[in-house]
Every structure is written in C-alpha cells, then in structure tokens.
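Participant: return a 3D structure for these sequence lines:
(chains A, B and C)
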Amino acid sequence: MNYIYIDKEPELKKALEHLSKGNIWFIDTETTPKDIRLFQVALEKGPIYIIDFLYIKSAKDFIKDIISTKGIVGHNLKFDLKYFLKYDIHPYTTFDTMIGAQLIGLNRVSLSNVYNHFTGEVLDKKEQFSNWGVKELTQNQLLYAAKDVEVLRLLYEKLKKELDKEPIIIDILQKSRVANVFNLRSSYAIVEMGFVQELAKIEYTGISIDQSEIEKQKQALLSKTQKIAMDFYINYRIDISSPKKLGEFLEKKLKIPMLHTQKDNISTDDSILMEYLDNEDKKVRDLISKVLEFRKLHKLQEKLEEVLGYSQNERIHPEFWQIGTITGRMSSLKPNVQNIPRELRNILKAKEGYTLVIGDFSQIELRIAADYVGDEIMISVINKGEDLHRFTASIITNKDPKDITKEERQMAKAANFGLIYGMSERSLAIYAKNSYGVEMTKEEARRFRDVFFHTFQGIKAWHDGIKKELRTKGEVHTKTMLGKPLTAHTFTDAANYPIQGTGAELLKLAVLIFAQEIKKSSLDASVVNLIHDEIVVETKKDQATEVSKLLEKAMKKAGSIVLRHVNVESEVITNNTWIK
DNA sequence: TACGGTAGCTCG
DNA sequence: GTACGAGCTACCGTAC
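Facilitator: As a prediction, this is how the structure comes out:
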C-alpha cells in the first residue's frame, strides 16, 4: 500500500494539486476528543495522503476550498462531518459506506465487518483507539490510518453495484449532486447518501431546552409522586413502583384473578389495571387509580431527568441513527427526542431571538398505503379532500358522513390504521377499547372488517398477494416506493414495512429539499428535530413566515416526487416552544 | 456489585 | 393466525 505522510505546507500544496484532479475523494480522519489529528485522503487510484493537522495549521483552509467541490466517500461520515462543521468545511456531496451497508441489509456494519463481508479478510483495528494526540505517530498508526482509506475504494465499488441493482429511477433525483458525482441511479440510495450531511448538521446544531421550566415541572412532579408513594406504602405496605409486588398483592391478597404474561409474570400494565377501575370494592378502585396516577407522573419525571442528564449550556445534542430501524426509519437517543410526552413538549424551545417552525405530514401513512396499493376508492376519497376516517365510519354504520358521531369516527380511525396492517378482529376490538374506550363485540368487529375490505378492494387484493407469496415462498420480498428492498417473514410485517419505509424516505427527501431551498435563500434556519412525520426547524423570528412557506412547499414537493396518485398535505405552525 | 432480561410506558 | 417501528428506566434474578 502506497501512502505519503505530509506534515509541511509545500508538500500539502503539491498533494492537493494531484487530488484536485479527481471528483471523488476517499477520506477518513483520526481524531482526539477535541480535534482532527489526521486527515487521510485518496483518489480512486494512486497514493493515500495522510495530512497531519498538528503540524500544518493552515491545512484546514487549503482543504476547505477544494473539498467544497468534491464528493467524499467515507465510513460513518456523520462522525467526520461534525468535526468539519466546526471549521465550516462543507464537502460538495457524500457517499457513506456504513449507510450503504445498512441499506443492503447487513447487521454488523463497522468498517472491519463490512470489509470482511466483501472480502472474507480481517481488517486490523488495534490502532483505532490508540493515542492520536502524541507528537510522533508510529509507523503502525500511519499504516492503519492509510488502510482505512484503502479499503473504502473497494467497499464503494461493491456497495454501489449492490445499491443500483434493479433501481427505481426518478428523473428529478437523477439531477442531484449524489447521482451526478457518484453516478448512482437508485432513488433510495440517492436520498440516504445525501441525507448524511443533513443529519450531521442536525446533531451538530442540537436543540435548546428550557432548563428552568424543566426544574419547575420536576419539583412539582416529585412532590406529587412522593406523596402518592408514601400514602400507598402506609396503606398497603407495597412499593408502588414494583409491578411484581403489585401483581402478587392483587392476586393473592385481594384474590383477583389476574392474567399472566408469557413468562408467567402477573400482568399489571395500565390496560389490565383499568379493567378494575369500576370494581365494586372501593379499596380496589382507589388502589388502582393511585397506581395509574403514580405511573403517569413518574414517567414524566423520568423523561425530565433523562433530558436534563444530557444538557450542555441549555442545549442538548441528541444522536440520530439514520437507518435506526429495519424499515429505514430513524431512531433517536441520548436523549430520545422522538418519544417526549405531549405534556412535556414545551421543554424544547427555540434559542433567544429565534422561533420554531413545525411541519407535520397529514395522515401520511394512510396516503402512502392508498398510493402504494392503488386503492381507487381510498385515493379518490383522499384527493377529494374528504375525511377518510369519517368516510369509513359512514360506510360501516351506513349513515350519512355528516351524521357520524365523534365516537364513530374514532372507531373508524382505529379500523383504518389497524386493518390496513392486518389487525385481527380480536385485536381490533381490544384496540378500540384501549385507545378510544369504545366497546365492540367480536361480531361487530367482524362485520366492521368485512365491510372495510369490501369497500377498499385494492387493500384486499394487496393483502391476498402478500398471503400468497408468504405461502409459496415462506417470506415476502417488498420494496419501498423509492426502491429499498425489504424482506418480511410474517403477514403483518409485509403489510407494514413498505408503508413505514416509504414514510421514512418521504421525510428524508423533504428535509433535503428544504435544506436546499434554505441554502439558496440564505435564510437562517436549521432543522433541530425529526419525528417520523414531523420536521422541527429553528429560525430567526423575523424569518419565520418565509421559512414556514418553504417548509410546507418542501414537504409537498417531496410528496409529489414519491407518491404518484395521492396528494400529500402538510400543516406548518410557528411557536417558541415545541407544541403542536 | 455488575449484567441481562422483562415489563411498562412514551412517541410515530 | 399475527397491526408495525423505536429507546429508556426500574425491577429482579443470576453470576461473580
């Protein structure tokens, strides 16, 4: 392997002269906690340059100009890009081999795992956590640094080939930077590769939190939960937060017949406990309601602690996994900002002088499902701007849509979601009860289901197709609407995956379009949170109106690119804190 | 005392 | 025959 170590400016200039000839740079960095130490870069052929930032203070400035015209290939680029953002370094576009590996379905996606997957050989990673702050780097450290870039060239070729197998091609995406520079055709891969850069920005930016509001709420909750727990212990001699003790008490002391979990523990979750809220024994009623109240408040308290634990100067920097789920949805951690209870959303806010602009896709999964399966009735109801839940309710009750009660509509909402994804009659009845408090007999559930599938025959045909494929092949091969392949082993997985996966693509594409528009307009706006069908943006107060318009437009545009028959709608609001 | 599994709850 | 996808905390049993 041919590498050149560079620690002087004239040599750097010479190297960059050579490097400027290629459009694609294969890169990696070695870092200390605070800073970049080495920047390794190579073209598709030729030597690997190892640039030592410790000895060339001007290196960042030289690289900054050239890299803004290059497509960079790297493994887990979000990591490197966050360092780049610190120095205002912006590559032209990106191709991430870790994301690529996840997209083709590999479970273990470290550089060495992916290398091993394609070559069968082992990549030595011993030097990875060596000290990159020392003055004199060892030969082994330099060899290791160069090798990481060397393997990228191979992985890039292999992954590109795999990603472009049977691509779904969408013209407008072919004009993107990713498609042009890397000659990539597959739509989902284009979106995911471009999105890496946006996600790095989101993590780097973080989001403001209202520390005093958190403290205030925390104290209020603490005094309430402590009182409940203490009273509970005095009355029943049980730790209220122990489901095990509670279950034993209910079953053995109060002689209540309790359901058991699969592992034979006593089930004490809220939906079970709620069954006893109308128990004839006042003691039981009081006990249950105290437990439910305690759990609710305690959960909120925990979430406040979780957020507070990651606070740095009134801001948090949650991590996002770009391919966080099998379907391609993101996940969020440290803290998880995708499951903050509605009651607590006001703890996330815009910084001083700024405001949040919040965009939501309206009923996006239903729209995707209608489009995906091509259900004519569903498509026509949605595109006429009618309320699909009300429509379903009117079909089932045989009433005029305008006479549908709130309860009937809620019921139909449960049916629309559940039945599309293969929910059973039994589950439908349970779901209706738990989520909407609607009692439903098994017979009602069955009739509900029959009418639903008789009306939405596209959905019916789609389900039948899945069942047949599952019967004959034992698994189902599906694709998102941008072409990401997904394999399912159960009927319900096969019904869910492509819809949820397409939703994830739609959100990412919307963020890309929005970011592009913001860049063109030179408005001061940053995406600060993403929650599956929602985009949260922080922007200067006096630019909020303009940013709102761009966000709404970007979301609809993304919708029109991904869906071909169904209109996509978005609702955008402006608020200082994150409230819907 | 450390760790993994489970239950429970939050979000979409 | 089966709605799906996540992350975090506390509890609880087990291993050391």
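Participant: per-residue pLDDT, A:Ser289?
Facilitator: Listed pLDDT for A:Ser289 reads 88.
Participant: can you get me a residue count around it?
Facilitator: Neighbourhood size, A:Ser289 [other CB atoms under 10 Å]: 14. Placement of C-beta: from N, CA and C, glycine included.
Participant: find the nearest non-adjacent residue to it, please.
Facilitator: Nearest non-adjacent residue to A:Ser289, counting by CB to CB, 6 or more residues apart in numbering: A:Leu277, 6.5 Å away.
Participant: so the one you found makes contact with A:Lys290?
Facilitator: No - with contact defined as CB atoms under 8 Å, A:Leu277 does not reach A:Lys290; the gap is 11.4 Å.
Participant: what about those two, which has more around it?
Facilitator: Neighbours around A:Leu277 and A:Lys290, counted as other CB under 10 Å, are more numerous at A:Lys290. The numbers are 17 against 11.
Participant: figure out how far stretch A:475-483 is from the centre of its chain.
Facilitator: Put simply, stretch A:475-483 sits 19 Å off its chain's centre (CA atoms, centre = their mean, to the nearest Å).
Participant: list the buried ones in it?
Facilitator: A:476, A:478-483 (16 or more other CB atoms under 10 Å).
Participant: likewise for stretch A:362-381?
Facilitator: For stretch A:362-381, the neighbour count (16+ other CB under 10 Å) marks A:363-373, A:375, A:377-379, A:381 as buried.
Participant: what's the most distant pair in those residues?
Facilitator: For those, the farthest-apart pair by CB to CB is A:Ile364 and A:Ile377; their separation is 18.9 Å.
Participant: neighbouring contacts of stretch A:546-559?
Facilitator: A:357, A:359, A:361, A:367, A:506-507, A:509-511, A:513-514, A:517-518, A:521, A:523, A:525, A:535, A:537, A:539, A:567-570, A:572-574 (CB atoms under 8 Å, 6 or more residues apart in numbering).
Participant: from these, which land in helices?
Facilitator: Residues of those located in helices (DSSP state H): A:367, A:506-507, A:509-511, A:513-514, A:517-518, A:521.
Participant: any idea which of these is closest to DNA strand B?
Facilitator: Comparing the ones in helices among the contacts of stretch A:546-559 against DNA strand B with CB to the nearest atom of the strand places A:Leu507 closest, at 9.5 Å.
Participant: tell me how many other residues crowd the closest one.
Facilitator: By other CB under 10 Å, 26 other residues sit near A:Leu507.
Participant: wait, A:Tyr577 sits on A:Leu348?
Facilitator: Not quite, residue A:577 is Thr, not Tyr. Yes - between A:Thr577 and A:Leu348 there is a contact under CB under 8 Å: 6.6 Å.
Participant: one step back: next up, the contacts around the residue nearest to A:Ser289.
Facilitator: A:285, A:288-289.
Participant: same deal with A:Thr502?
Facilitator: When contacts are counted by CB under 8 Å, 6+ apart, A:Thr502 touches A:368, A:372, A:480-482, A:562.
Participant: domain assignment for chain A?
Facilitator: Domain assignment of chain A by automatic domain parsing yields the ranges A:3-204, A:211-308, A:325-364+A:500-575, A:376-455.
Participant: distance of the residue nearest in space to the middle of chain A relative to A:Lys283?
Facilitator: Residue closest to the mean C-alpha point of chain A, counted by CA atoms, centre = their mean, is A:Met330 at 1.8 Å. Taking CB to CB, to the nearest Å as the measure, A:Met330 falls 46 Å from A:Lys283.
Participant: what parts of the stretch 101-250 of chain A come near DNA strand B?
Facilitator: With the criterion set to CB under 7 Å from any atom of the strand, the stretch 101-250 of chain A comes near DNA strand B through A:243, A:247.
Participant: please enumerate the strands of the stretch 101-250 of chain A.
Facilitator: For the stretch 101-250 of chain A, strands defined by DSSP state E, counting those that start in this stretch occupy the ranges A:207-209.
Participant: which parts of it are helices?
Facilitator: A:111-119, A:139-163, A:171-174, A:177-182, A:187-205, A:211-236, A:243-248 (DSSP state H, counting those that start in this stretch).
Participant: buried residues in the fourth one, which are they?
Facilitator: Within helix A:177-182, the residues that count as buried by 16+ other CB under 10 Å are A:177-179, A:181-182.
Participant: before we move on, what about the shortest one?
Facilitator: For helix A:171-174, the buried set under the neighbour-count rule, 16+ other CB under 10 Å, comprises A:Leu173.
Participant: could I get it in CSV with only the CA atoms?
Facilitator: Extracted C-alpha coordinates of helix A:171-174, given in CSV (Å, rounded to 0.1, in the frame of the first residue of the first chain):
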residue,chain,number,x,y,z
ASP,A,171,-35.8,11.8,-13.1
ILE,A,172,-35.6,14.7,-10.6
LEU,A,173,-33.3,12.7,-8.3
GLN,A,174,-31.0,11.9,-11.2
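Participant: can you list the neighbours in contact with it?
Facilitator: Contacts for helix A:171-174 (CB under 8 Å, 6+ apart): A:179, A:185, A:187, A:190-191, A:561.
Participant: list the residues that contact A:Tyr497.
Facilitator: Counting by CB under 8 Å, 6+ apart, A:Tyr497 has contacts A:326-327, A:478, A:486, A:488.
Participant: okay if I get the contacts of A:Thr502 as CSV plus distance to A:Ser212?
Facilitator: CSV is the format used below for the contacts of A:Thr502 (distance: CB to CB, whole Å):
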residue, distance to A:Ser212
A:Ile368, 41
A:Tyr372, 46
A:Thr480, 43
A:Met481, 45
A:Leu482, 44
A:Val562, 42
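Participant: which one among the residues you listed gets closest to A:Gln139?
Facilitator: Closest approach to A:Gln139 among the contacts of A:Thr502 (CB to CB): A:Leu482, at 45.4 Å.
Participant: which residues of the stretch 401-550 of chain A lie near DNA strand B?
Facilitator: Of all the residues in the stretch 401-550 of chain A, those lying near DNA strand B are A:500, A:531-534, going by CB under 7 Å from any atom of the strand.
Participant: run the chain-centre distance for the least confident helix or strand in chain A by mean pLDDT.
Facilitator: In chain A, no helix or strand scores lower on mean pLDDT, DSSP states H and E than helix A:425-436, which sits at a mean of 77. In terms of CA atoms, centre = their mean, the centre of helix A:425-436 is set 27 Å apart from its chain centre.
Participant: do the same with stretch A:486-497
Facilitator: Here stretch A:486-497 is found 19 Å from its chain centre; the criterion is CA atoms, centre = their mean.
Participant: just the C-alphas of it, formatted as PDB.
Facilitator: What follows is stretch A:486-497, C-alpha atoms only, in PDB (Å, rounded to 0.1, in the frame of the first residue of the first chain):
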ATOM      1  CA  LEU A 486     -37.300  -5.200   2.400                       C
ATOM      2  CA  THR A 487     -37.800  -8.900   3.400                       C
ATOM      3  CA  ALA A 488     -40.700  -9.800   5.700                       C
ATOM      4  CA  HIS A 489     -41.400 -13.200   7.300                       C
ATOM      5  CA  THR A 490     -44.900 -12.600   8.600                       C
ATOM      6  CA  PHE A 491     -48.000 -11.200   7.000                       C
ATOM      7  CA  THR A 492     -48.200  -8.100   9.200                       C
ATOM      8  CA  ASP A 493     -44.500  -7.300   8.700                       C
ATOM      9  CA  ALA A 494     -45.000  -7.500   5.000                       C
ATOM     10  CA  ALA A 495     -48.000  -5.100   5.200                       C
ATOM     11  CA  ASN A 496     -46.200  -2.600   7.400                       C
ATOM     12  CA  TYR A 497     -42.600  -2.500   6.100                       C
END
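Participant: and that stretch, what's buried?
Facilitator: Buried residues in stretch A:486-497, counted by 16+ other CB under 10 Å: A:486, A:488, A:491, A:493-497.
Participant: point me to the helix or strand that includes A:Leu292.
Facilitator: For A:Leu292, the element it lies in under DSSP states H and E is helix A:282-308.
Participant: what are the contacting residues of the following helix or strand past that helix?
Facilitator: Remark: after helix A:282-308, the chain's next helix or strand is strand A:315-316, criterion DSSP H and E. Residues outside strand A:315-316 that contact it (CB under 8 Å, 6+ apart) are A:206-209, A:307, A:310, A:335, A:337, A:351.
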